[in-house]
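*Asks:* Got a predicted model here, sequence first, then my questions.
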Amino acid sequence: MAQFASAGAAPLCQICSQPITRRIRKSRDSGRCCSRACGFEMMRRERSASRAARLARLAEVRKAKRQRQCIECGGVFEARASAKFCSYHCSASSKAVRKAECTCQECGSTFLPAYGDKRRNFCSEFCANRHFKRVAKGLSRAKAYGAQAEPINPIAVMERDGWTCHICGEEAPRELRGTMHWNAPELDHIIPLSAGGSHTYDNVACAHRSCNLEKGDALPLGWTDPQRLWVHRGSGGLA
């Protein structure tokens, strides 16, 4: 809209604010600019404002099209069409959840391996160290007796035996593994190392802690030495 200096006066130029004296009937700047130069400047400013408004609208449209919802945390973020996660953390968490749960060979608990961690046998460094120390201890003890020895995984033996005591035939609860409970599952040498038995998978079995202590270094049924023969009676002792 043209500006007026005062009532009844000539309108002022929208660019330089000078009175408009030129009269051009067919022109976009007629009655708005005092000269052709001001008219060109006005059109340049209008085109610039129109372009800025158009770019702003286009940016809003693009922003709306680029908005995605993270499938892990549900947050809204801007990214390309193929993006599914708002951050590396959400991507790693989703991949970890999609992985199959693993069972710790030491404590028996289930866990989800951390992203990028290739270890699937132990839930922590503590369980890993504890397991390997136990395996090494079994090997060193067998070698002290001069017996044949191989690395034995106690959990694998107990899984093989179905977490059942081979002495009394009752269940040895997995959750008691590693405790001092009388019913806790332990690794027992069927033929004791002191009697020439080997530290191999064929000579070990799952047993209750109490049954293992009760058996001691006695021999199983069918052994040729009757003095060391042991029969489980539920309260301990030799036959």
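*Replies:* Received the coordinates, thanks.
*Asks:* least trustworthy helix or strand in this protein by mean pLDDT?
*Replies:* Ranking every helix and strand in the chain by mean pLDDT, DSSP states H and E puts strand 3-4 at the bottom, with a mean of 46.
*Asks:* Can you give me the buried ones in the helix ranked longest in the chain?
*Replies:* Within the chain, and with DSSP state H defining each element, the longest helix by residue count is helix 36-66. If you call a residue buried by 16 or more other C-beta atoms under 10 Å, then helix 36-66 has these buried ones: Cys38, Gly39, Glu41, Met42. C-beta: built from backbone N, CA, C; applies to glycine.
*Asks:* so who does Pro151 touch?
*Replies:* Neighbouring residues of Pro151 by C-beta atoms under 8 Å, 6 or more residues apart in numbering: Val135, Leu139.
*Asks:* Leu139: how many residues sit nearby?
*Replies:* By the criterion of other C-beta atoms under 10 Å, Leu139 has 15 neighbours.
*Asks:* beta partners of the residue lying closest to it once chain neighbours are set aside?
*Replies:* The shortest distance from Leu139 to any residue other than its chain neighbours is 5.0 Å, reached at Ala149 (C-beta to C-beta, 6 or more residues apart in numbering). With DSSP bridges applied, the residues forming beta bridges to Ala149 are His199.
*Asks:* I figured Ala149 hits Lys137, correct?
*Replies:* No: with the criterion set as C-beta atoms under 8 Å, Ala149 and Lys137 do not qualify as a contacting pair; they are 11.3 Å apart.
*Asks:* For these two, work out which one has more neighbours and name it.
*Replies:* A side-by-side neighbour count of Ala149 and Lys137, using other C-beta under 10 Å, places Ala149 first with 18 against 10.
*Asks:* and the more buried one, what pLDDT?
*Replies:* Taken from the predicted model, the pLDDT recorded for Ala149 is 87.
*Asks:* what's near enough to touch it?
*Replies:* Residues counted as contacts of Ala149 (C-beta under 8 Å, 6+ apart) are Gly138, Leu139, Ala142, Lys143, Ser198, His199, Thr200.
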